[in-house]
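**Q** Here is my input; please provide its structure:
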Amino acid sequence: MEPIMEIYDDDPVKDQQKRLEAAAYLSTHGIPAVLWGTDATIALSPDVGSTFPVVQSLLVPDNLVQAAAETICHGLPYVLSEPPPGTQEYRRVDPDQPTCYPQSSFVTFIPPLEEITPWTIMIHPASYFQFDILDGTRSFPLEVAPEVRCPTRTAFVDSIITTALDPPLGYMHRQFHGSLMVYLSYIVEDTLRSEPRILTDGQLEPESRSLVNSLKEENRPYLEGWLRGSRESWDDEVRKRREVLQKTGIDKLAFKKPLPIGLSERIPFPDRIAPRLALRNQKKNLSRTLTSNAVHGRPVTCPAVALALRNALRFLRK
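**A** Presented below is the predicted three-dimensional model:
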């Protein structure tokens, strides 16, 4: 999830236009761009706040990712850069910490930096989020910057759920998945204002039901479970969605495509670090054995350890 900066300005429209400068620049140079991530949730919120992420995400056609980055660097004070730290996997999940955006390009602002300006812009291929950027019904132009488009609420939620349960990497990238869940949380909390969400007859209140019904059929169960607080495990939700796709025939590859790998299968450490773990466990076992031998009066074969243990035992007996 992107860090947030707070902006206090008497002209929020000017702030937003400055914030959207790079996306507008791409549009005027023939590269369609759609807001993504936290900026999209801000645009979809009925309340325009004064907080913005330091990182901005844009979707562009797959074949124009590199061209988009170069275009921004050519016309605006940005340079090509590496993936920001927030895109890397947690070390406890994968010590190699791979980025969740291997197909994206990144540009970083050249100081001096204005407060409202994104420090880094991540440019993603639209298909990575299974978003049809050329379908005009899935996005709309922003009032403050008509050249810039934002996903509709339905399209955004559809894309979040699809990406979360059918991850483009073929496995759950924990850092990436967490960001998707934050975006969904923002949309639910900021745009569904009616309370309670579950009526006395057990039905969802009308606005929540309308959003659920507007989604693709395979994504409706997940959002309904989210709203009701009855989501199942990620693995079960993945299977449920796949079953709907198979039953309806929406996705012709649903029967052949393997299920993505879940976190429970990733946390058991990869083979490449198994030898290190085995050595660490051997050392722990040796330490326990030596300690046990010393406590129970059995001989300890390592002189240094024996001396240390003998001194420790003498201290404890005082």
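
**Q** so K14, which of the three states?
**A** helix (DSSP: H, G, I helix; E, B strand; the rest coil).

**Q** Surely R231 forms part of a strand?
**A** No: counting by three-state DSSP, R231 is not part of a strand but coil.

**Q** Flag the helix or strand of the chain with the lowest per-element mean pLDDT.
**A** Least confident helix or strand of the chain, by mean pLDDT, DSSP states H and E, is strand 4-6 with a mean of 41.

**Q** So what's the residue count around L134?
**A** 10 (other Cβ atoms under 10 Å). Quick note: C-beta positions are derived from backbone N, CA and C, even for glycine.

**Q** let me redo that: T163
**A** Residues lying near T163 (other Cβ under 10 Å) number 18.

**Q** Nearest spatial neighbour of it, chain-adjacent residues omitted?
**A** Distances taken as Cβ to Cβ, 6 or more residues apart in numbering put F129 closest to T163, at 5.1 Å, once the chain neighbours are dropped.

**Q** need the contact list for that neighbour.
**A** By Cβ atoms under 8 Å, 6 or more residues apart in numbering, the residues touching F129 are W36, L59, S159, T162, T163, P168.

**Q** quick one: it from G37, how far?
**A** Noted for F129: a distance of 10 Å to G37, by Cβ to Cβ, to the nearest Å.

**Q** next one: F156
**A** Taking Cβ to Cβ as the measure, F156 falls 10 Å from G37.

**Q** What of D158?
**A** 15 Å.

**Q** Please apply the same query to T71.
**A** 20 Å.

**Q** And for V107?
**A** Taken as Cβ to Cβ, the span from V107 to G37 is 15 Å.

**Q** what about the strands in the stretch 51-200 of the chain?
**A** Per DSSP state E, counting those that start in this stretch, the stretch 51-200 of the chain carries strands over the ranges 51-53, 55-60, 78-80, 105-109, 120-125, 139-141, 149-151.

**Q** Of all those strands, which one comes closest to E189?
**A** Closest approach to E189 among the strands of the stretch 51-200 of the chain is made by strand 51-53 (14.1 Å; Cβ to Cβ).
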